[in-house]
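J.: Task: produce atomic coordinates for the following.
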Amino acid sequence: MTEDEECGALKNDGERCEYTPKYPDGRCGIHTDETDTDPGGRPSKFEAVKDDLLEAADGPLNLKQVANRGGIARSTLYDYLDEHEEFSDSFKRARGTAADRLVSRALDPTDEIDTTFARFLLERSFKFIKTEKQEVELSGQGGGPIEVAINETVVETTYEDDT
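T.: Okay, here's the model as predicted:
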């Protein structure tokens, strides 16, 4: 390797850097002040799969199934949603439309959809949670009051003066 193919910057130990220069200033990645324009890694599949992901998001699929339709991992789908605001907005609209369509079908008395299955899909695919408020009146033996005992634990800490 010739000196032209070496960074040549002075290292902390006083020796010259022998790494290959990658930047226009003739320095390696350690000794340059320039910004790296090549982040490395493989190219993103986002542009190739975004339409498939949006189409799948408009159906009664869970997020793992949506990601699989695009040929990516669920974690990659989350990355795309974080990195691409316009895609994220479109994705949320598609998910909302799919959920609304499923709810409408489940509530339509003329549609022969199984409402139990529709609820299952809403819970599994769209994270809908069924909540019910129940009021319960409790009474003790013979209809009397219930005795409740509350135990308190008190911890005392003392410090001894060593002086």
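J.: State the pLDDT value of the most centrally placed residue in the chain.
T.: Here the mean C-alpha position of the chain is nearest to the C-alpha of residue 78 (CA atoms, centre = their mean), at a distance of 4.8 Å. Residue 78 is assigned a pLDDT of 96 by the prediction.
J.: Identify the residues contacting the helix or strand where it lies?
T.: Per DSSP states H and E: residue 78 is located in helix 74-83. Contacts of helix 74-83 with the rest of the structure, by CB atoms under 8 Å, 6 or more residues apart in numbering, involve 46, 50, 53, 63-64, 66-67, 70, 72, 87-88, 91. All C-beta atoms are positioned from the backbone trio N, CA, C, and that covers glycine.
J.: okay, and the helix or strand of this protein with the least pLDDT?
T.: Between all helices and strands in the chain, the lowest mean by mean pLDDT, DSSP states H and E belongs to helix 115-126, at a mean of 81.
J.: Just list what it packs against, helices and strands only.
T.: With contacts defined as 3 or more CB pairs under 8 Å, 6 or more residues apart in numbering; DSSP states H and E, the packing partners of helix 115-126 are helix 85-107.
J.: Check the offset of the helix it packs on from the chain's centre.
T.: 18 Å (CA atoms, centre = their mean, to the nearest Å).
J.: could you check the angle helix 115-126 makes with that helix?
T.: Angular relation of helix 85-107 and helix 115-126 on a 0 to 180 degree scale: 170 degrees, by axes from the mean of the first three to the mean of the last three CA atoms, to 10 degrees.
J.: Now do the buried residues in helix 85-107.
T.: 90-91, 94-95, 98-99, 102, 106 (16 or more other CB atoms under 10 Å).
J.: hang on, the earlier thing: just want the angle from the helix holding residue 78 to helix 85-107.
T.: Computed by the same axes, to 10 degrees, the angle between helix 74-83 and helix 85-107 is 120 degrees.
J.: chain center to helix 74-83, what's the gap?
T.: Distance of helix 74-83 from its chain centroid, counting by CA atoms, centre = their mean, is 7 Å.
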